[in-house]
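Participant: Compute the structure for the input listed below.
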Amino acid sequence: MDTIASLFSFITTPVSWIIVQFHKLYGAVFGPDTGWAWGLSIVSLVILIRICLIPLFVKQIKSTRNMQALQPKMKAIQERYKNDKQRQSEEMMKLYKETGTNPLSSCLPILAQSPFFFALYHVLSKIASGDTIGVLNQDLVNSAREAKIFGAPIAAKFMDDPAKVEALNASLTDVRIVTAVMIVLMSLSQFFTQRQLMQKNVDLTVKTPYMQQQKMLMYIFPVIFAVMGINFPVGVLVYWLTTNVWTMGQQMYVINQNPTPGSKAQDHYLQRLVKSVTSHGDVRGRRRRAVVQAIVAKGPDRNDNERKFVTSLAKAGFTPQADGSVKKVDPATAEAESVAAARRQQPKRQPKAKRQAGGAQQPPAKTSLEKADQPQGAKAQQPAKPAGGSTRQAKSGQRKGQQRPKHPSSKK
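Facilitator: Residues are numbered from 1 along each chain as shown. Reported below is the predicted structural model:
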């Protein structure tokens, strides 16, 4: 880990400067040598970084949804070119280019945050050894080294030996308990974040390998964090727990306000929207109007949640308009129109076997010209056979059709 942290040493000076500025603020309130001053400085560093990463988070959401929507097409490409990996990769890249999807966009927040994470680890490692780093002079290093969070120094680790912990004027038991609790909370927050994404914000009408991969990650990531956490200083655990809680809250807000189409979260959101329209008689808010406008524009391409939303509005006596507003109408009329529209959108389709059987039994339909030539009230008659039996075939070399009579003087 020290080798990895040293690779990001170029950013340790900005990270240490930010921590020092927050420490001045919180030190004036809690005292400069307290764990609260140093711990809150690390928490504030996380919040500042995550605020700067909000545009990347929005891009991550769009990329994740595009990937979910492309899963059926990707699966079809894999099945079609399963014996030609090169052609399969080319078709995948072509699909990404046509839809403007970048598979790496879902990892952008983590990749952008990793330099700060390793830089902070490097700073805390130097504090534990009593060395200056960045803008942290010896006095600040000594102050941070002695600062404790619930009895555990911010530079201590779960795997530290008793001698190292005693050098930090702390108890090994306190360090083990605090770090163990923080590791468990860090893993649980990661698990819950992935779980709410899988259960609430995934289109349940599409069953793809992508969902199985996400389900596996839901169990694998917490285990990885738990194993890695025993080698993290308390300050890094504070950093990682804070960023997990931020991610969980940020994702919860997105799920409630901008759910994935076809998911349970969208169904709950549209139910809340129906209650709001029923209570106020109108669609309140620009975001909600945009949602209604998008549903109206979809027309027959609406999913089940959106059809249910339109039907619920009709039962309440409202009809959604193209501009995102609603119009008050008679409930019976609106419901009848909604049911008729749903029937038009969902034509009844016969099973494939029944369609094939029906198509094989029915004779081909006659054209209008054939019907005009056929006598009315009677079936088409087959040409009568000659009395002598089967018709004789014309000999080769003879002229077909009616023959001219021979001249009397000609020989028989």
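
Participant: where does the stretch 201-350 of the chain have low pLDDT?
Facilitator: 201-215, 331-350 (pLDDT under 70).

Participant: So which residues of it form strands?
Facilitator: For the stretch 201-350 of the chain, the strands defined by DSSP state E, counting those that start in this stretch cover 318-320, 326-328.

Participant: Please convert those to CSV, extending it with distance to Thr311.
Facilitator: Yep, even glycine has a C-beta here, placed from its N, CA and C like the rest. As requested, these are exported to CSV (distance: least, CB to CB, whole Å):
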stretch, distance to Thr311
strand 318-320, 11
strand 326-328, 14
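
Participant: any chance of those strands in JSON lines, plus distance to Asp33 and mean neighbour count?
Facilitator: Converted to JSON lines, those look like this (distance: least, CB to CB, whole Å; neighbours: other CB atoms under 10 Å):
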{"stretch": "strand 318-320", "distance to Asp33": "61", "mean neighbour count": "20"}
{"stretch": "strand 326-328", "distance to Asp33": "61", "mean neighbour count": "14"}
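
Participant: confidence score at Arg392?
Facilitator: Looking at Arg392, its pLDDT reads 46.

Participant: In the chain, spot the helix with the most residues.
Facilitator: helix 172-200 (DSSP state H).

Participant: That one: which residues count as buried?
Facilitator: By 16 or more other CB atoms under 10 Å, the buried positions in helix 172-200 come out as 172, 174-176, 178-179, 182-183, 186-194, 196-197, 200.

Participant: now do stretch 226-235
Facilitator: Using 16+ other CB under 10 Å as the test for burial, stretch 226-235 gives Ala226, Gly229, Phe232, Pro233, Val234, Gly235.

Participant: quick one: which of the residues you listed is nearest to Ser276?
Facilitator: Ser276 lies nearest to Ala226 out of the buried residues of stretch 226-235, by CB to CB, at 42.1 Å.

Participant: My guess is the closest one contacts Ser187. True?
Facilitator: Yes - the criterion here is CB atoms under 8 Å, and Ala226 meets it with Ser187 at 4.7 Å.

Participant: residues near Gln21, how many?
Facilitator: Around Gln21 there are 13 other residues, counting by other CB atoms under 10 Å.

Participant: next one: Glu166
Facilitator: 12.

Participant: same thing with Pro300?
Facilitator: As a burial measure, Pro300 scores 11 neighbours (other CB under 10 Å).

Participant: How much space separates it from Val236?
Facilitator: From Pro300 across to Val236, the span is 53 Å (CB to CB, to the nearest Å).

Participant: got it, and Ser125?
Facilitator: On the measure of CB to CB, Ser125 and Val236 end up 9 Å apart.

Participant: So which of those two has more stuff around it?
Facilitator: Each of Ser125 and Val236 has its neighbours counted (other CB under 10 Å); Val236 has more, 25 against 20.

Participant: leaving aside the residues next to it on the chain, what's closest to the more buried one?
Facilitator: Leaving out its chain neighbours, the residue that sits closest to Val236 by CB to CB, 6 or more residues apart in numbering is Tyr121, at 5.3 Å.

Participant: Which helix or which strand is home to that neighbour?
Facilitator: helix 108-129 (DSSP states H and E).
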